[in-house]
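>>> Model the structure of this input:
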Amino acid sequence: MTIFLIMGKHWHMVYLWSHVLVLGVAAFNLDTQSVLQRNGDPGSLFGFSVALHQQLNPVRKNLLLVGAPRSKPQNQVNVTGVVYQCDLSTKTERCQPIEFDSKEFLHSRDINGQWMGIRVTSQGPGRNVMTCAHRYQQWGESPSDSVPHLLTGQCYLLGEDLKVGKEERTWRRVVCDAGHLNRRPKNHDWFAYCQQGHGAAFAKDNKSLLFGATGAYSWKGTVRMELLDNLDILGEEPRETGDIDLFDRELIPLQSNSYLGFSIDSGMALIRKGELTIVSGAPRGGYSGQVAFLKADPVARRNLSVEVVLSGPGLASSFGYDVAVVDLNGDGWEDLAVGAPQFYVKDGQVGGAVYVYINKQGRQWEDIVPTQLPGRSDSMFGLAVENIGDTNRDGYGDIAVGAPYDGSGRVYIYCGSSDGINKKPAQVLLSKSKHVNLFGYSLSGNLDVDNNEYPDLAVGSLSDSVFVFRARPVVTVLSTLRVTPSKIDITKEQCDKSTCYFTAHACFTYTAHSPLFNPKLMLNYTVVGDAERKKVRLPARVNLQSSSRGHLELTGQGREICIDTNLRLVRDIKDRLHSVPVSITVSLWSSSETRRASADLPSVTPVLNLYQQRTTVSQIILVNEGCGSDNICQSNLALQYKFCSRKTHNEQNVFTPLASEDGMPVITPSQEDIALEVTVTNRNGDDAHQSHSVIMLPDTLRYSSIIHNAPAETQVSCTANDKGTLIDCELGNPLQRDAELTFYVVLATSSISLSTKYVNVTLQLKTTSEQTIQAVEALAKVVFELELQVFGSVQVSVFVSYCLSYIAKS
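From the prediction side, this is the model:
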């Protein structure tokens, strides 16, 4: 299916295709189990735009407004586009068309193909609604004209009850009106193809309407601001970029074909607090896309002047395709999120991006380095960007980002924080229906439709289906953990007999946004001892004497419940230096009740705060008398070595240092045994826990055995790899203060060849106590010694024998 979007003289094609649905969606507090779905007529583009709306009078209703720009009104043949209202307070899935009782709808030539519903937006609970048709046409004066003369577009203002006003000019708004068209030539250089309505919004001052007309001034685009009630002749006059009095395109510092007005939002704390600033995207400006900050000109009463221009990061990235103003870090200054759905990284996996500008108290917007939120390749990530309010009620605003070409379409939820924005999405939404494509094409949020005090989110698609995801209440579980005794000396007699026991005492309570929210919550908990050692497949130093997992019930906010878990220290642990961590982790199991406004809506259950600490840790401190008063061991290990020869005398090993040449020991391979004497000391140092020596041999030497004459309590134990080239010797746990030990590593020299000139042995001391130890290199020279005998004879009867000794050096 291919959809053509007319933008002035250009035809833009949006291709729709289907991808394989990818499962495994991250879940936070937007409920994905009881999603509300509404469907429209096939091919009507039901879902092109969406808006959540709350009617307060004459009756209270929570509504979903859906634009279907290719739909036909009832009993008509013209494809004018329809805006539907869907009542979310009832079980019915049928949506009703909004009736526009106006003579404009009787003039079929003007409204046929106008794409009513390309934009629909709500001002908020109990306030107005606006919808636009950017392809509204005005025909030539002669009835025989078959080609539309003007393509101006138009927007309609409705009351909270979705009814139009009695006076036409109170509800129908046209930017490029007769005042524009009669004062300038009727061509694309001016206002003949304004295409008003792709960008339209209610200003945050709650007094004004904002319209974008992307086709004005050769598609440079323009933005118009006018009062909601334009009958107030004493009020402020309408304003436009370019000045309504002058129509001066040079007042708009953008190039032609920039599409200014394509997206619009505003804020009251962007540059100056309490002053309205309009933000409008120009996705083709500067060849990469631009965003303009506009303000009411203090001198020219009918002009919107450009105060700041932000430029996109990459060529043709469509920076400014959508914009959202939201206070992400809760500092009272509004921040800005800008979509750039066609941004890409060559040979990379990025296809679309959103740039988040954190406000610096209104100063130096051009110098702010934005945070980039990247999308997946070819996903059009950032085509829709929406301020969805504070969905998790943590005090920071959140945004939703549509990526309609990410598979069948996805919506990414990003939560604000004190630092600005969490770069990792809190949740990723997708449609579970295989018939839905381009999910996430449109978004609307920041309105609570089920009265649980959490704002919900509507998601549109180009598959004639829309979805409402309701926010679940967020609870924060507070955990405390205390282990008794908290300190233990494992050298004491009771630990030697495996009777070192501990009790982990954990207490839990929970809080929520509303103090009136008090359901019973069932928690899962898991107690783990020595978790970090288990992660690397090392044995834990404590065993649980009771169940490590269980459930408990919290009966309401602030109501504490506690549990005890017994643990026992394992006998003969090696790591006696580091504390033993005991942790308890919680998760939410179920809830007995939820808060909702209507029994017709399926219930939603609470969810655990994504950003809370779910694991609480307490430490069992192992007291070490050989450490400092702070229980920190700072060892002072040192190593010395000698190359020796080994001989046996009266069944005793005798080690003699090798002769040296030029200060370097000399190895003669003809010697039967070579040994490396290693002496390790810990003079004036704290105990060296888990001390050992790693010896790395060259390929020309092989490990044979270990010999030492130390007392039994300081025996050295060595192991070697299969090749006999890597030796690990345990020296003591701990090797105590002022200890000294010597051992001999016997080495085989059978692999030394005539080409061997030197051997290099690396010795590295290691300990878990605090000490940085450099490796030691033991270097020796290899010398071959050959004995030669020479025999000769003469004619006389005397036999003389000579014995010569010759030394050959390799």
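>>> Following element in sequence after the host helix or strand of S479, please.
If you go by DSSP states H and E, S479 is part of strand 474-484. As assigned by DSSP H and E, the chain's next helix or strand after strand 474-484 is strand 487-488.
>>> those helices in the stretch 301-450 of the chain, which residues are they?
For the stretch 301-450 of the chain, helices defined by DSSP state H, counting those that start in this stretch do not occur.
>>> residue boundaries of the strands in it?
Ranges of strands within the stretch 301-450 of the chain are 304-311, 322-326, 335-344, 350-357, 371-376, 384-389, 398-403, 410-417, 420-421, 427-430, 442-447, based on DSSP state E, counting those that start in this stretch.
>>> what do you get for the stretch 151-300 of the chain?
154-158, 172-173, 196-202, 208-213, 222-227, 239-240, 263-267, 277-282, 290-296.
>>> Make JSON lines out of those strands and add mean pLDDT.
Output for the strands of the stretch 151-300 of the chain, formatted as JSON lines (pLDDT from 0 to 100):
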{"stretch": "strand 154-158", "mean pLDDT": "91"}
{"stretch": "strand 172-173", "mean pLDDT": "81"}
{"stretch": "strand 196-202", "mean pLDDT": "95"}
{"stretch": "strand 208-213", "mean pLDDT": "95"}
{"stretch": "strand 222-227", "mean pLDDT": "94"}
{"stretch": "strand 239-240", "mean pLDDT": "94"}
{"stretch": "strand 263-267", "mean pLDDT": "98"}
{"stretch": "strand 277-282", "mean pLDDT": "98"}
{"stretch": "strand 290-296", "mean pLDDT": "97"}
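>>> Out of these, which one sits most buried?
strand 277-282 (a mean of 29; mean count of other Cβ atoms under 10 Å). Bear in mind the C-beta positions are built from the backbone N, C-alpha and C, glycine included.
>>> helices or strands next to that one in the packing?
strand 222-227, strand 263-267, strand 290-296, strand 322-326, strand 335-344 (3 or more Cβ pairs under 8 Å, 6 or more residues apart in numbering; DSSP states H and E).
>>> any idea which helix or strand comes after the lowest-mean-pLDDT helix or strand in the chain?
Using mean pLDDT, DSSP states H and E, the weakest-scoring helix or strand in the chain turns out to be strand 10-15, at a mean of 32. Moving toward the C-terminus from strand 10-15, the next helix or strand (DSSP H and E) is strand 36-39.
>>> export that next one as PDB, just CAs?
The C-alpha coordinates for strand 36-39 follow below in PDB (Å, rounded to 0.1, in the frame of the first residue of the first chain):
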ATOM      1  CA  LEU A  36      -7.900  -0.700  24.600                       C
ATOM      2  CA  GLN A  37      -8.100  -1.000  20.800                       C
ATOM      3  CA  ARG A  38     -10.400   0.800  18.400                       C
ATOM      4  CA  ASN A  39     -10.600   0.100  14.700                       C
END
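>>> what helix or strand is T719 on?
Per DSSP H and E: strand 717-720 holds T719.
>>> Give me the contacts around that strand.
703, 706, 726-730, 745 (Cβ atoms under 8 Å, 6 or more residues apart in numbering).
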